[in-house]
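**Student:** give me coordinates for this.
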Amino acid sequence: FVVQNMGVNSYDPGVERCTALAIGKDATASGAVMISHGNDCPTCDFRVAYVPSMSHPPNTFLPIWPDFDDYPRFITSSSLSPTSSKPTSVSFAEIYSTTIGTPSTQKKPLGYIPQILSTFSYIDGAYGIQNSKQLSFGESTCDAILGMRSKPRGFEDGKALFGIAALSRIALQRCDNARCAVELMGGLAEEEGFYGGNINTWINEDMEPDKMGYAEGGEALTIADKHEVWIFEICPDDTGEGAVWVAQRVPDGEVSVVTNTFQIGKIDLKDEDFFMASQNVYEVAIREKLWDPEGNVPFDFAQIYRAPMGHQLPNTSKTSKRVGATMRDRRRWVVYNTIAPSLKFDGFRENTWDDSDTYLPFSVKPDHKLTQEEVFRIHRDFYQGTPFDITQSAVGGPFGDPYRGTALPDESPFNDSEEWNGTFERSVAQLWTSYTTITESRAWLPDWVGARVWYGPHSAVTNAFVPIYPGAAKSSNRFPKAFEVGSLLSFDEESYWWNVCLVSNYAARFFSFTLEMIQDAQQKVEGHLLKMTSEAEQRALELGETEEGFKFLENMQQDVADYAMSEWQAFFKRMVSSFHDGILFKRGDDGSCAIEKKMAYPAWWLNFLGPKNAGLSKYNTAEKEMGVSMDEAAGDGAHGFSADMFIFSVAAVSMIVGLVAGWKLPRG
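**Tutor:** Got it, this is the predicted structure:
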């Protein structure tokens, strides 16, 4: 999918990274506490795995592995070679070797902490997702001014033991509520040190350290249990040996969203129902001269600990305010505007760094309680129906391709042009989302049924969300194969991710035509799964928390996977059969082939190009008859634009053929 946009690079850290929602129980139609996480990362491992509950001998230690979310993130037991004489407990790494069995070149542990006697089972992805006690996580990488003050242990002068993925997994193993998770993760990070980014960021020689620190030096987690939902924000402290963190509870009737920057502003630690923080949260700010307690400015965590230029973006050195509005604030705006249009927030306002809790607030009350389907739609948002709709620009082509890459190639002469200085709108929906999870924690149900994750691989615009239950793997310690298998480097028809990837990449070519068909398919599949799981959960409850009940839930989980796979495979074939060769086909009443419409270039597109850039034939004769080149005859870029269109079309078709044929893509 590196050919989705003409004339631009397809990869940029500014469009990577995640959007995460936190939804209180009184803000949902069902009464569930919900969180979400769009893991926007083109190289991340999209597979999910089940890590079972375990018992451990006393006086053993848990290895802490480096955060590593790129494919393949799994570690095999053969790679476990502790350098410490400490007896180690069985780690999630060994569970992965029995669950998935994918070899990895991951390194030895960064260190060890004491293990507890028993741990909870959980669903694992690039980060911990949800455990058997209905504790759930979402994630969004944040910029942090102290991001480069720490390094992982094992690197030169590295003293920090924990990345955010390791912290999330430990919390899922040990906690059954959000407050426990906040206190445990915060305490471990304060004591043993926190580093930002994942381990590939630190070993990538092409990444400039100061950019890495600003881009990925901090982290935010959305954390839900059966009753409450919290935002947890963390970054290294000034010594490189600890951490600074803060947490704020989202009111039960409200919704918050994290968009790659700290958003917890003014805090009141006397209000223990809604705030928690590290012991050094004020002290570090004073030492670093980031805040003066004698001054007139109140303490604001986001203002103080954000990086000056925000999350890493193209050309941030020139356009921090405008690009920040595009990267962070516009996404927050569109979520709040979607769920609470009555508040009439201004999408054109370019927020500054000093208004973290004044204009776009920490959380809002939705105009009505949200259903699962409405949360699905938020993660499918590309600003449709707003002035920022990214399908309506020329870069999206004549048929509204909704996916974007870099604003300009690195070598472009326009990089120094003030006119071209900026970036594309960064929507919630992305092409290179590895997966999206939407968790439900339902207090009225027993944990083994109440914990539920809606898993959507690849782009949410073109996937169908399917439910996964931690309790459904209790018998076999496995999830359905469709969710566990797949490589970014080789097409696999048994992988649900790859089947969605096919739909995403083909549908984008004719998006203005295919979108309605996609939405109809999503409504059908997700509607059926909601009804199917509701009935199945009732039957599981009748069977009770028994071997028969667990087996029933596991069989239902397999039925869900089989249904989703078969439907999306059939949908891809139906879409290709309907839209191909520039024509929308339909079947006649007598079974004959009929043309419903030709996918002609729209008038606005041709008017935008103009007759010369459109490559009309009369201009093609200019080179021969007038002795001038096409570019001279039609103006700068005319011939090149047609060539780009041709290359794009050939590359896109070649890619689809290659995927179907099972081509293996080379590294690098």
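**Student:** which SS state does Glu248 fall under?
**Tutor:** For the record, residue 248 is Gln, not Glu. strand (DSSP: H, G, I helix; E, B strand; the rest coil).
**Student:** can we start the residue count at 8 from this point?
**Tutor:** Sure thing, new numbering starts at 8, so read that last one as Gln255.
**Student:** how close does it get to Ala185?
**Tutor:** Going from Gln255 to Ala185 by CB to CB, to the nearest Å gives 11 Å. For the C-beta atoms, the positions are set from N, CA and C on the backbone; glycine is no exception.
**Student:** same check, this time on Glu500
**Tutor:** 39 Å.
**Student:** swap in Phe472?
**Tutor:** The value you get for Phe472 to Ala185, if CB to CB is used, is 23 Å.
**Student:** how about Ser584?
**Tutor:** Applying CB to CB, the value for Ser584 to Ala185 is 48 Å.
**Student:** what does Gly463 give?
**Tutor:** Gly463 sits 24 Å away from Ala185, going by CB to CB.
**Student:** quick one: Cys600 and Ala607, what's the gap?
**Tutor:** Taking CB to CB, one finds Cys600 at 19 Å from Ala607.
**Student:** who's more crowded, those two?
**Tutor:** Comparing Cys600 with Ala607 by other CB atoms under 10 Å, the one with more neighbours is Ala607, at 11 against 8.
**Student:** so for the residue nearest to the more buried one when sequence neighbours are not counted, what's the pLDDT?
**Tutor:** In space, and not counting its chain neighbours, Ala607 is closest to Gly589: 8.0 Å by CB to CB, 6 or more residues apart in numbering. pLDDT for Gly589: 88.
**Student:** tally of neighbours for Gly589?
**Tutor:** 10.
**Student:** quick one: which of Ser584 and Ala185 has more around it?
**Tutor:** Ala185 (28 against 10).
**Student:** C-terminal to the one helix or strand Glu380 maps to, what's the next element?
**Tutor:** According to DSSP states H and E, Glu380 maps onto helix 379-385. Counting by DSSP H and E, the next helix or strand C-terminal to helix 379-385 is strand 440-448.
**Student:** just to revisit the earlier point, now for the helix holding Glu380, which elements pack on it?
**Tutor:** Under the contact criterion of 3 or more CB pairs under 8 Å, 6 or more residues apart in numbering; DSSP states H and E, helix 379-385 touches strand 26-30, strand 40-47, helix 337-346, strand 440-448, strand 459-464, helix 518-550.
**Student:** would you list the ones you listed in a markdown table and tack on distance to Glu248 and mean neighbour count?
**Tutor:** Converted to a markdown table, the helices and strands packed on helix 379-385 look like this (distance: least, CB to CB, whole Å; neighbours: other CB atoms under 10 Å):
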| stretch | distance to Glu248 | mean neighbour count |
| --- | --- | --- |
| strand 26-30 | 28 | 28 |
| strand 40-47 | 29 | 28 |
| helix 337-346 | 33 | 23 |
| strand 440-448 | 32 | 27 |
| strand 459-464 | 35 | 25 |
| helix 518-550 | 47 | 16 |
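**Student:** with distance to Thr430 added, can I get those in a markdown table?
**Tutor:** Formatted as a markdown table, these follow (distance: least, CB to CB, whole Å):
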| stretch | distance to Thr430 |
| --- | --- |
| strand 26-30 | 16 |
| strand 40-47 | 15 |
| helix 337-346 | 11 |
| strand 440-448 | 18 |
| strand 459-464 | 26 |
| helix 518-550 | 21 |
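**Student:** of all these, which one is nearest Glu235?
**Tutor:** strand 40-47 (6.9 Å; CB to CB).
**Student:** mean confidence score for the helix or strand following that closest one?
**Tutor:** Note on strand 40-47: by DSSP H and E, the next helix or strand toward the C-terminus is strand 56-58. Strand 56-58 shows a mean pLDDT of 90.
**Student:** got it, and stretch 549-556?
**Tutor:** Per-residue scores along stretch 549-556 average to 95.
**Student:** quick one: distance of it to the chain centre.
**Tutor:** In terms of CA atoms, centre = their mean, to the nearest Å, the centre of stretch 549-556 is found 35 Å from the chain centre.
**Student:** just to revisit the earlier point, for the helix holding Glu380, C-alpha coordinates in PDB please.
**Tutor:** Provided in PDB are the C-alpha atoms of helix 379-385 (Å, rounded to 0.1, in the frame of the first residue of the first chain):
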ATOM      1  CA  GLN A 379     -21.000   0.300  20.100                       C
ATOM      2  CA  GLU A 380     -21.700   1.100  16.500                       C
ATOM      3  CA  GLU A 381     -21.300   4.900  17.200                       C
ATOM      4  CA  VAL A 382     -17.900   4.200  18.700                       C
ATOM      5  CA  PHE A 383     -17.000   2.100  15.700                       C
ATOM      6  CA  ARG A 384     -17.900   5.100  13.500                       C
ATOM      7  CA  ILE A 385     -15.700   7.500  15.400                       C
END
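**Student:** could you list the low-pLDDT ranges of the stretch 208-357 of the chain?
**Tutor:** Within the stretch 208-357 of the chain, the ranges that satisfy pLDDT under 70 run 208-222, 315-333, 357.
**Student:** and the strands in it?
**Tutor:** Ranges of strands in the stretch 208-357 of the chain, per DSSP state E, counting those that start in this stretch, are 225-231, 236-243, 250-256, 262-265, 282-284.
**Student:** what packs against the last one?
**Tutor:** Applying 3+ CB pairs under 8 Å, 6+ apart, one finds that strand 282-284 makes contact with helix 185-199, strand 250-256.
**Student:** contact partners of the longest one?
**Tutor:** What it means is helix 185-199. Here helix 185-199 makes contact (CB atoms under 8 Å, 6 or more residues apart in numbering) with 118, 120, 142, 144, 167-169, 174-175, 177-179, 181-182, 228, 230-232, 235-237, 239, 241, 244, 249-250, 252, 254, 283, 285-287.
**Student:** one more pass at 6 Å, please.
**Tutor:** Helix 185-199 has contacts (CB atoms under 6 Å, 6 or more residues apart in numbering) with 168-169, 174, 178, 182, 230, 232, 235, 237, 239, 249-250, 252, 254, 283, 285.
**Student:** and these, which two are furthest apart?
**Tutor:** Leu168 and Glu235 (27.7 Å).
**Student:** which one of these two is surrounded by more residues?
**Tutor:** Between Leu168 and Glu235, counted using other CB under 10 Å, the more crowded position is Leu168 (25 against 21).
**Student:** can you report how many residues lie near the residue nearest to the more buried one when sequence neighbours are not counted?
**Tutor:** Excluding its sequence neighbours, the residue lying closest to Leu168 (CB to CB, 6+ apart) is Glu199, at 3.9 Å. Residues near Glu199, counting by other CB under 10 Å, number 19.
**Student:** what's the per-residue pLDDT of Glu199 here?
**Tutor:** What the model reports for Glu199 is a pLDDT of 97.
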